[in-house]
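Enquirer: Sequence first, then the predicted structure, then my questions.
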There are 2 protein chains.
Amino acid sequence: MEDPGKEQVPIKENLIRTVVLCSGGIDSTVGLYWAHRHHEVVAGISFNYGAKHGERELPFAVAHCRKLKIPHQTIELSFIRDLFSSALLLSGNEIPDGRYEAENMRQTVVPFRNGIMLAAAAGYAESVGATHLLIGAHAGDPSGDREIYPDCREDFMSAMNEAVKRGTYAQIEILRPLIAKTKAEIVALGAELGVDFSQTWSCYKGGEIHCGTCSTCIERREAFAIAEVSDPTLCE
Amino acid sequence: MEDPGKEQVPIKENLIRTVVLCSGGIDSTVGLYWAHRHHEVVAGISFNYGAKHGERELPFAVAHCRKLKIPHQTIELSFIRDLFSSALLLSGNEIPDGRYEAENMRQTVVPFRNGIMLAAAAGYAESVGATHLLIGAHAGDPSGDREIYPDCREDFMSAMNEAVKRGTYAQIEILRPLIAKTKAEIVALGAELGVDFSQTWSCYKGGEIHCGTCSTCIERREAFAIAEVSDPTLCE
């Protein structure tokens, strides 16, 4: 006879125990659904660092975790908003219009943001018994946004992976299942995994609807067009 | 004639622009005084992560920076207190007595604490135009505390240094000038640099005065005895 005191929860056997970094944008949302299919997702975590678009994005991260019955935590990084300078932040200058280009996009860099988020996620993962972190980093588009953000580059990511692995008992590893994919391929994968794209946010400006003219809006629209998926979100 | 509008501040020429991680403990305080002699110290920064001894330690970090006329910032890492588990935290179990030993000290580990502090410090340093971070890591004592804390090990520190360097425009480097020194040698250096040790805190328990029985208290008392420096702090 079964012990009636034993909690009856479905257990996915022999699966990788993963914490997923979820922003509410397209990449990390598709990453979350991918992980939900292939891993035991211990938690989804989001970071509140005072981004202009944070209030638009974060509720979507929460909504997707709720839909998939994955615990969600928001990690407050208020020191970034208070002490760092970047056009991406509520405390910063205006977001520039136009495509990703070194000249206008460098002002949207939040210094070492990926390093800070991955470090906080690693400590959290160790605390909750996870062995892997999943981040929705991707191959970038031809305009070369990965060259603009030093903490998106390959040599940063491999060193950070090593630091997280060496600095934790569980030898936590950073996974980037989307790293070889273009944004369009990520949209196609998301459609296949049943992601409701109306519940995702991209625009850096953080208005009521997508502006359609900032670098991420341009990138988003092109990706949906190439993937031949219809984008259910409106833009100005 | 001098331009009367020009600000008259003493400038240290050709010096390394450094942000120093200051906890208010012995190692980082000696590191701060060392940096003040050899570098242009852009800021001292402390982290509030809900450590039991935080309220004792942090005011000393502030006091030393004020004495040396160095700007000071406290970075709030409240998510560590709220979400992580460790006996070192206000939210955790009791601090164990006795020397550093794997068995009882593992419960005082705050998961990936050094990784999180260094990542936040790197982003801050990039924001304020510094090129180096200084952390008071040292050689450890014979009881091998560096083996207990994975984020104190050499292979973690070298990977983290690489991650910070690759992930920032300024290619920020992590400096550890005390890394080859024992705690006793650090006390001797501090005495030479004029550090007022009455303004430092070591005890993990965070009572009114040092307990004298926890691992850091034992280590502190031995270090002063070996260095033949008198410790001006009281203990129970």
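Expert: Everything's here; your move.

Enquirer: Give me the distance between the helix or strand that contains residue A:221 and the centre of its chain.
Expert: Assigned by DSSP states H and E, residue A:221 belongs to helix A:215-227. In terms of C-alpha atoms, centre = their mean, to the nearest Å, the centre of helix A:215-227 is set 17 Å apart from its chain centre.

Enquirer: Give me the helices and strands touching that helix, please.
Expert: helix A:183-192 (3 or more C-beta pairs under 8 Å, 6 or more residues apart in numbering or on different chains; DSSP states H and E). Where you see a C-beta, it was placed from the backbone N, CA and C, and this is true even at glycine.

Enquirer: Mean confidence (pLDDT) on the helix it packs on, please.
Expert: Averaged across helix A:183-192, pLDDT comes to 96.

Enquirer: what's the angle between that helix and helix A:215-227?
Expert: Here the directions of helix A:183-192 and helix A:215-227 differ by 70 degrees (axes from the mean of the first three to the mean of the last three C-alpha atoms, to 10 degrees).

Enquirer: and the longest strand along chain A, what other elements does it pack with?
Expert: Identified as the longest strand of chain A according to DSSP state E is strand A:40-48. Strand A:40-48 sits against strand A:17-21, helix A:26-38, helix A:54-67, strand A:72-76, helix A:113-127, with contacts defined as 3+ C-beta pairs under 8 Å, 6+ apart.

Enquirer: Quick check: mean pLDDT of that strand?
Expert: For strand A:40-48, the mean pLDDT works out to 97.

Enquirer: re earlier: can you pull the buried residues of the helix holding residue A:221?
Expert: Judged by neighbour count using 16 or more other C-beta atoms under 10 Å in any protein chain shown, the buried positions of helix A:215-227 are A:215-224, A:227.

Enquirer: Closest one of those residues to residue A:196?
Expert: Residue A:196 lies nearest to residue A:224 out of these, by C-beta to C-beta, at 13.9 Å.

Enquirer: count of residues packed around residue A:112?
Expert: Residues lying near residue A:112 (other C-beta atoms under 10 Å in any protein chain shown) number 31.

Enquirer: Ignoring the adjacent residues along the chain, who's closest to it?
Expert: Once flanking residues are discounted, residue A:112 sits nearest to residue B:123: 3.7 Å by C-beta to C-beta, 6 or more residues apart in numbering or on different chains.

Enquirer: Can you check the pLDDT for residue A:98?
Expert: Looking at residue A:98, its pLDDT reads 67.

Enquirer: How about residue A:94?
Expert: In this model, residue A:94 is scored at 72, pLDDT.

Enquirer: Identify the residues contacting it.
Expert: Counting by C-beta atoms under 8 Å, 6 or more residues apart in numbering or on different chains, residue A:94 touches residue A:87.

Enquirer: What strand or helix carries it?
Expert: According to DSSP H and E, residue A:94 maps onto no helix or strand at all.

Enquirer: quick one, phi psi at residue A:133?
Expert: Dihedral pair for residue A:133: phi -110, psi 140, per degrees, to the nearest 10.

Enquirer: partner residues bridging it?
Expert: For residue A:133, the beta-bridge partners are residue A:19, residue A:174 (DSSP bridges).

Enquirer: Count the residues that sit near it.
Expert: Here the count is done by other C-beta under 10 Å, and residue A:133 has 24 residues near it.

Enquirer: One more: the one 3 residues further on?
Expert: Summarising burial for residue A:136: neighbours were counted as other C-beta under 10 Å, giving 24.

Enquirer: shouldn't it be in contact with residue A:27?
Expert: Yes. With contact defined as C-beta atoms under 8 Å, residue A:136 reaches residue A:27; the gap is 3.4 Å.

Enquirer: where do the contact lists of these two overlap?
Expert: With C-beta under 8 Å, 6+ apart, residue A:136 and residue A:27 have common neighbours A:178, A:186.

Enquirer: what about chain A, any weak spots by pLDDT?
Expert: Within chain A, the ranges that satisfy pLDDT under 70 run A:1-14, A:91, A:95-96, A:98-106, A:140-147.

Enquirer: which residue is nearest the middle of it?
Expert: residue A:28 (3.5 Å; C-alpha atoms, centre = their mean).

Enquirer: Would you confirm that residue A:177 contacts residue A:37?
Expert: No. The pair residue A:177 / residue A:37 is not scored as a contact, 10.6 Å apart, by C-beta under 8 Å.

Enquirer: mind listing what the closest residue to residue A:23 other than its chain neighbours touches?
Expert: Counting by C-beta to C-beta, 6+ apart, residue A:57 is the residue found nearest to residue A:23 once chain neighbours are left out, at 5.5 Å. Shown in contact with residue A:57 (C-beta under 8 Å, 6+ apart): A:23-25, A:46, A:51, A:201.

Enquirer: I'd like those residues as a markdown table, with distance to residue B:79 appended.
Expert: Shown next, in a markdown table, are the contacts of residue A:57 (distance: C-beta to C-beta, whole Å):
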| residue | distance to residue B:79 |
| --- | --- |
| A:23 | 16 |
| A:24 | 18 |
| A:25 | 21 |
| A:46 | 11 |
| A:51 | 17 |
| A:201 | 22 |
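
Enquirer: That'll do, ta.
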